[in-house]
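K.L.:
got a structure for you, letters missing:
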């Protein structure tokens, strides 16, 4: 195995899709160290950097510094200096494991908004701070208490996201603004529960942005479902949950969601029911009824509450020439490949999910599991959705959606086990 610091590569796939990937492809592990504007830029000169792991030595113009093959060995002075210079931060010379920990947890290195630098590591629903870099696995896996730096970084990102979402809520209709603020109150409760295992007014005041401390908090909720009970050309009403078509039309037929017309273009949308946390999983049943060259789709999570294409997604296709299963992130419509498998997911109904828990992003399509991959980019978004391309028509269908808040669900599962009762 060999580790490199370098730029991401802009590529055009066989199906015409464009996006960012590890230089030369076929990386075993990746870590994105770009600010959000660079991640959302489509093409052009690469901006920002990443860590890339390959099976062996690689030669590629975008791989700028060879970081060796042993994360626990002291970095050569040249490599340590190159990391500080290229990333634009002062990093103490150490082994790669500790150097990355510093870059992702030192407030002098990261940007909680993601505007100028990468976002930091945060804690997961299990109160863990983890950095996973395949194929070594967990570079570190630390329990988080109130003194751990991940507590401060989680609060910093929460405040930045809360401010962004709360400001956006002021531009909405009265009904939608009320729903958005109610969701943010649950998000505050979820963040307290995750970080401190308790929820109260004083604690909420300590983590909320100063301008919005009067918003208060409510306990998080856990799950909602969607079964597409009403056949309709619109999905905004008549279903279990309200949905929005963010790009191109979809319809419900025979109790399943599908694209409304054939076209080699992606349709995406979102459920307008906000979850209580950005630590959540979206599971659905997908049916890819035939192998062809232009149909794909999958569930998304951490979908932004707008028509913008910003979310994590598990996307699968039965392309006859090049079937694929991809764990992706989209920032402003531009995707970055996080993990992939060139394999047919199979015909008939398969269970597909995508999950974001802290900075651990994972997905599955049938028996194939992807990630977890550590990625800090997309945070604070409380909705889930879909993405689908369907040409010829009637070859991709969605059904039986479940969206689950991991913080609330974990807490409730633990209490059930302790008390021996359901509630």
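P.N.:
Great, that's in hand. Source: prediction; values computed, not measured.

K.L.:
In the beta-sheet assignment, what are the partners of the residue most central in space within the chain?
P.N.:
What sits nearest the mean C-alpha location of the chain, by C-alpha atoms, centre = their mean, is residue 312, with 3.9 Å. Counting by DSSP bridges, residue 312 is bridged to residue 301, residue 329.

K.L.:
what's near enough to touch it?
P.N.:
By C-beta atoms under 8 Å, 6 or more residues apart in numbering, residue 312 lies in contact with 300-302, 327-330, 354, 356, 361, 363, 375, 378. (C-beta placed from N, C-alpha, C; glycine too.)

K.L.:
JSON lines for these, including pLDDT?
P.N.:
As requested, the contacts of residue 312 are arranged in JSON lines below (pLDDT from 0 to 100):
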{"residue": "300", "pLDDT": "98"}
{"residue": "301", "pLDDT": "98"}
{"residue": "302", "pLDDT": "98"}
{"residue": "327", "pLDDT": "95"}
{"residue": "328", "pLDDT": "96"}
{"residue": "329", "pLDDT": "97"}
{"residue": "330", "pLDDT": "97"}
{"residue": "354", "pLDDT": "98"}
{"residue": "356", "pLDDT": "98"}
{"residue": "361", "pLDDT": "97"}
{"residue": "363", "pLDDT": "96"}
{"residue": "375", "pLDDT": "98"}
{"residue": "378", "pLDDT": "98"}
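
K.L.:
wait, is residue 99 part of a helix?
P.N.:
Yes: counting by DSSP: H, G, I helix; E, B strand; the rest coil, residue 99 falls inside a helix.

K.L.:
So the nearest residue to it once chain neighbours are set aside versus residue 107, what's the distance?
P.N.:
Spatial nearest neighbour of residue 99, excluding adjacent residues (C-beta to C-beta, 6 or more residues apart in numbering): residue 91 at 5.5 Å. As judged by C-beta to C-beta, to the nearest Å, residue 91 and residue 107 stand 14 Å apart.

K.L.:
in a helix, that's where residue 158 is, yeah?
P.N.:
Yes: Residue 158: assigned to a helix according to three-state DSSP.

K.L.:
neighbours around it, how many?
P.N.:
Neighbourhood size, residue 158 [other C-beta atoms under 10 Å]: 25.

K.L.:
pretty sure it is in contact with residue 380, am I right?
P.N.:
Yes: between residue 158 and residue 380 there is a contact under C-beta atoms under 8 Å: 7.5 Å.

K.L.:
which neighbours do those two share?
P.N.:
Among the neighbours of residue 158, those also in contact with residue 380 (C-beta under 8 Å, 6+ apart) are residue 187.

K.L.:
What distance do you get for residue 240 to residue 408?
P.N.:
Computed as C-beta to C-beta, the residue 240 to residue 408 distance reads 19 Å.

K.L.:
When the two are compared, which one has more neighbours?
P.N.:
Set residue 240 next to residue 408 and count neighbours by other C-beta under 10 Å: residue 408 wins out with 25 against 15.

K.L.:
check contacts around that one.
P.N.:
If you count contacts by C-beta under 8 Å, 6+ apart, residue 408 has them with 190, 193, 219-222, 276-277.

K.L.:
Neighbour count says what about these? Which are buried?
P.N.:
190, 193, 220-222, 276-277 (16 or more other C-beta atoms under 10 Å).

K.L.:
related to what we said a few turns ago, who wins for most neighbours among the contacts of residue 312?
P.N.:
Greatest neighbour count in the contacts of residue 312, by other C-beta under 10 Å, goes to residue 363: 31 neighbours.

K.L.:
and that one, what element?
P.N.:
Secondary structure from DSSP states H and E places residue 363 in strand 360-365.

K.L.:
I'd like the contacts of residue 312 written out as JSON lines, with distance to residue 146 added.
P.N.:
Formatted as JSON lines, these follow (distance: C-beta to C-beta, whole Å):
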{"residue": "300", "distance to residue 146": "33"}
{"residue": "301", "distance to residue 146": "28"}
{"residue": "302", "distance to residue 146": "26"}
{"residue": "327", "distance to residue 146": "32"}
{"residue": "328", "distance to residue 146": "35"}
{"residue": "329", "distance to residue 146": "30"}
{"residue": "330", "distance to residue 146": "34"}
{"residue": "354", "distance to residue 146": "31"}
{"residue": "356", "distance to residue 146": "23"}
{"residue": "361", "distance to residue 146": "26"}
{"residue": "363", "distance to residue 146": "32"}
{"residue": "375", "distance to residue 146": "25"}
{"residue": "378", "distance to residue 146": "26"}
